[in-house]
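Asker: Here is a sequence together with a model predicted from it:
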Amino acid sequence: MKRQVAIIGAGPAGLLLGHLLKSEGIDCVVLERQSPDYVLSRIRAGVLEQGTVAMMERLGLDARMKAEGLPHDGFNLADGERLIRIDIKALTGKQVMVYGQTEMTRDLMDAREARGLEVIYQASDVALHDIESDTPSVTYTKDGAEHRIEARIIVGCDGFHGPSRQAIPASVARHFERVYPFGWLGILSDVPPCNHELIYANHERGFALASQRSHTRSRYYVDVPLTEKVEDWSDDRIWDELAIRLGPDAAAHITRGPSLEKSIAPLRSYVFEPMRHGSLLLCGDAAHIVPPTGAKGLNLAASDVHYAAEALIAFFGRNDAEAVISYSDKALARVWKSERFSWSLTRLMHRFPEDGPFERRMQVAELDYIASSEAAQRSIAENYVGLPV
Ligand code: RFL
Ligand code: PHB
């Protein structure tokens, strides 16, 4: 099979890119290791930046998001008794959209047939070949048979554990990493949210986040040491912990219910450079990871896809090779700003085991400053709603 572009991974990055290229008449195929049901069973992001929403609008795939998503004008930082509201609408004129990654992925999946986007699910042993040449290829196994796709460009959208990043030679690879000493234990439950907006809480017992998927479905997190096991956290234990960490006002409005999903996700900051080598481009978690504190991971995957689509449209439309070459620098400039924001919000809102009284005073001073300064709030709001692409 011969294609202009082979995309590896049908998470949000791969599907978004596939649809964007297809809408511009670029011939592409997406290869995914898992089944559609498995991909939809992963509970992940919940907050979309305006730019991510705009990409769904551009594709004409925003109808359900507009009907069911919840636009939010602000969010809150809690520290003990104190609640600092960041009014993103007033400070930036923009909103964020609360709409689950699962739902956005479902919308992209459902549009495959109508848009003629070919996605090959349950493709195993995906391997990249000759990425330093103009004739790279991808091999995979499906239903016991081996297949090869010859492409002009390969785009790795295969997440943190996929094969694409690994295909870039160690001699050019640069890794930047910060692993955090805790993970987020998440619970999803069909109960109304405790607050109409998100609350990120820094409590002496640890971090907590009150988030949501709809008026009837809540998503909560608490941070736990990496040694904790999800089996040791009964639903009641999580609800008790949330009630303490989120503070008395939120606790009074928490509705408890059985968990639909419960899992622990470790926190990590990671960037791989370069994001292009030869005929291979990387997008999303394949190239970088942010801790979830700023709600940036999926949105960063979407902005990478925006730059990659622009580069490939120029390359196939106008034979502009420079557009592909400059992809990595363009994408990385935005990646590092999101990494900085996610890292600094993580630092501000979590109690690190190695921290002492000095570090805590620094957190209190920063929260005092944010509470009293519109400039500080604007800076946070601007980052939260998404920096321009
Ligand atoms: P994905 O979603 O991991 O998709 C990669 C796809 O590639 C497939 N794949 C392969 N396919 C073929 N062959 C192979 N060998 C393959 N290996 C892997 C995988 O099966 C998968 O389908 O990466 P993508 O598309 O780059 O998207 C990134 C986002 O998923 C991620 O950044 C976010 O979920 C991060 N994140 C959040 N981001 C936000 O913007 N806002 C949030 O509120 C937010 N909350 C979160 C999060 C991530 C979390 N976890 C569990 C890590 C909350 C959590 C708890
Ligand atoms: C979520 O709803 O899953 C969520 C929201 C905000 C974050 C991270 C995760 O910062």
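Answerer: Yep, that arrived. Ligands and ions are numbered 1, 2, ... in the order given.

Asker: which bits of this structure sit near ligand 1?
Answerer: Those residues of the chain that sit near ligand 1, judged by Cβ under 6 Å from any ligand atom, are 8-14, 31-34, 39, 44-47, 101, 123, 126, 157-159, 161-163, 184, 186, 265, 284-285, 292, 295-299, 301. Any C-beta I mention is one placed from the backbone N, CA and C, and that applies to glycine too.

Asker: So what's the residue count around residue 92?
Answerer: Residue 92: 18 surrounding residues under other Cβ atoms under 10 Å.

Asker: Just want the residue of the stretch 1-150 of the chain that's nearest ligand 1.
Answerer: Taking Cβ to the nearest ligand atom as the measure, the point where the stretch 1-150 of the chain comes nearest ligand 1 is residue 11, at 2.1 Å.

Asker: what's near enough to touch that residue?
Answerer: Residues near residue 11 by Cβ atoms under 8 Å, 6 or more residues apart in numbering: 39, 105, 157, 158, 159, 284, 285, 301.

Asker: ditto for residue 309
Answerer: Remark: with contacts taken as Cβ under 8 Å, 6+ apart, residue 309 is in contact with 17, 20, 21, 24.

Asker: Buried ones among the residues of the chain next to ligand 1?
Answerer: For the residues of the chain next to ligand 1, a burial check counting by 16 or more other Cβ atoms under 10 Å picks out 8-14, 31-34, 39, 44-47, 101, 123, 126, 157-159, 162-163, 184, 186, 284-285, 292, 295-299, 301.

Asker: just checking, what packs against the helix or strand where residue 147 lies?
Answerer: Using DSSP states H and E, the element containing residue 147 is strand 145-156. Helices and strands touching strand 145-156, by 3 or more Cβ pairs under 8 Å, 6 or more residues apart in numbering; DSSP states H and E, are strand 2-8, strand 124-129, strand 137-142, strand 280-282, helix 297-318.

Asker: What pairs with it, parallel or antiparallel?
Answerer: Partners of strand 145-156 in the sheet, by DSSP bridges, are strand 2-8 (parallel), strand 137-142 (antiparallel), strand 280-282 (parallel).

Asker: Within reach of ligand 2, which of the residues of the chain next to ligand 1 are there?
Answerer: Counting by Cβ under 6 Å from any ligand atom, the members of those near ligand 2 are 45, 46, 47, 292, 295.

Asker: Could you double-check that the third one lies in contact with residue 100?
Answerer: What that stands for is residue 47. No - shown here, residue 47 and residue 100 do not form a contact pair, counting by Cβ atoms under 8 Å, at 9.5 Å.

Asker: Quick check: residues of the protein near ligand 2?
Answerer: Contact residues, the chain versus ligand 2 (Cβ under 6 Å from any ligand atom): 45, 46, 47, 198, 211, 219, 292, 293, 295.

Asker: Just list the residues touching the fifth one, thanks.
Answerer: In this case it means residue 211. With contact set as Cβ under 8 Å, 6+ apart, residue 211 has these partners: 46, 47, 98, 193, 198, 218, 219, 220, 221.

Asker: Look up the residues forming beta bridges with the closest residue to residue 380 other than its chain neighbours.
Answerer: Sequence neighbours aside, residue 86 is the residue nearest to residue 380 in space, at 5.4 Å (criterion: Cβ to Cβ, 6 or more residues apart in numbering). In this structure, residue 86 has the following beta-bridge partners (DSSP bridges): residue 75.

Asker: Surely residue 86 touches residue 78?
Answerer: No - in this structure, residue 86 is not within contact of residue 78 by Cβ under 8 Å, at 11.7 Å.

Asker: on that earlier part again, want to try CSV for the contacts of residue 211, with secondary structure as columns?
Answerer: Compiled in CSV, the contacts of residue 211 are given as follows (DSSP: H, G, I helix; E, B strand; the rest coil):
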residue, secondary structure
46, coil
47, strand
98, strand
193, coil
198, coil
218, strand
219, strand
220, strand
221, strand
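
Asker: now residue 164, nearest residue through space, not along the chain?
Answerer: According to Cβ to Cβ, 6+ apart, the nearest residue to residue 164 is residue 156 (2.3 Å).

Asker: pLDDT score assigned to that neighbour?
Answerer: The per-residue pLDDT reported for residue 156 equals 99.

Asker: what bridges to it?
Answerer: residue 8, residue 282.

Asker: and it, how many neighbours?
Answerer: Taking other Cβ under 10 Å as the neighbour definition, residue 156 ends up with a count of 30.

Asker: do you know how far it is from residue 8?
Answerer: When Cβ to Cβ, to the nearest Å is the yardstick, residue 156 and residue 8 sit 5 Å from each other.

Asker: So which of the contacts of residue 309 wins on neighbours?
Answerer: Among those, residue 17 has the most neighbours (other Cβ under 10 Å), with 29 neighbours.

Asker: which residues sit against stretch 367-387?
Answerer: Counting by Cβ under 8 Å, 6+ apart, the neighbours of stretch 367-387 from elsewhere in the structure are 49-52, 75, 77, 79, 82, 84, 86-88, 91-92, 94-96, 202, 294-295, 299, 303, 334, 337-338, 341, 345, 348.

Asker: from the chain's centre, how far out does that stretch sit?
Answerer: What separates the centre of stretch 367-387 from the centre of its chain is 21 Å, taken as Cα atoms, centre = their mean, to the nearest Å.

Asker: just checking, residue 212 touches residue 199?
Answerer: No - contact status for residue 212 versus residue 199: not in contact, 10.4 Å apart, counting by Cβ under 8 Å.

Asker: Could you export the ones next to ligand 2 among the residues of the chain next to ligand 1 as CSV, including distance to residue 260 and pLDDT?
Answerer: Formatted as CSV, the entries for those read as follows, by distance: Cβ to Cβ, whole Å; pLDDT from 0 to 100:
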residue, distance to residue 260, pLDDT
45, 16, 87
46, 14, 92
47, 19, 97
292, 19, 97
295, 20, 96
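
Asker: quick one, helices of the stretch 201-350 of the chain?
Answerer: Taking DSSP state H, counting those that start in this stretch as the criterion, the stretch 201-350 of the chain carries its helices at 235-245, 248-251, 297-318, 321-325, 327-349.
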